[in-house]
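1. any chance you can model this:
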Amino acid sequence: MDEVCNLMDEVRDLMDEVRDLIDEVRDLMNEVRNLIGEVRDLMGEVRDLMDEVRDLMDEVRDLMDEVCNLMGEVRNLMSEVRNLMGEVRNLMSEVRNLMGEVRNLIGEVRNLMSEVGNLRSVEMSVPVAPERRAPTPSPRTGHFEEPAAAVNRQTAPRAGVGRRVRTRG
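-> Numbers count the residues shown, from 1 in each chain. You can find the predicted model right below:
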């Protein structure tokens, strides 16, 4: 009977240990439940963050598309600028050519003006035949008198008229 009592004491001790183990398992289960709840909460936060990352990636993709489009426009504009610069170079060349022609024409005009000046000086030095007027009665005597010779330079024949003038150039 002592043995039974000892066995019973041992069983009681074992039962106490089992109860303690069960309490510890319950505590561990509660901790596991709490950890699972925290993991669920963290997983929700991770999902939210992933959604935000996806949204940001969509925005980045849209911005990259926009940058690509702008780069294409910049390339097109640069091509237009190169074409315009070529046109400007061509126009500048044409302007230089025209300026040369203008300088040549100015030289020709100077030569012609010099020739005209020479012709005028020759014209002024050539004697012009006097213009004859019809006789008119003199207010003093009432008789017809020969009028004095008058020179009309506008109708008088000019020296060198009809001659071709040579120019330099």
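2. contacts and neighbour counts: CA atoms only from here.
-> Will do.
3. which stretches of the protein form strands?
-> All strands of the chain, identified by DSSP state E, fall at 136-137, 144-145.
4. least reliable of these going by mean pLDDT?
-> Among those, strand 144-145 carries the lowest mean pLDDT, a mean of 64.
5. roughly how far does S93 sit from M71?
-> Going from S93 to M71 by C-alpha to C-alpha, to the nearest Å gives 33 Å.
6. show me the shaky parts of the chain.
-> 128-138, 142-169 (pLDDT under 70).
7. mind running it again at 50?
-> 151, 169 (pLDDT under 50).
8. quick check, central residue of it?
-> What sits nearest the mean C-alpha location of the chain, by C-alpha atoms, centre = their mean, is V81, with 7.1 Å.
9. what's the distance between that one and N90?
-> 14 Å.
10. what ranges does the chain have for its helices?
-> For the chain, the helices defined by DSSP state H cover 2-125.
11. chain center to stretch 10-21, what's the gap?
-> Stretch 10-21 has its C-alpha centroid displaced from the chain centroid by 92 Å (C-alpha atoms, centre = their mean, to the nearest Å).
12. and for stretch 58-70?
-> The chain centroid and the centroid of stretch 58-70 are separated by 24 Å under C-alpha atoms, centre = their mean.
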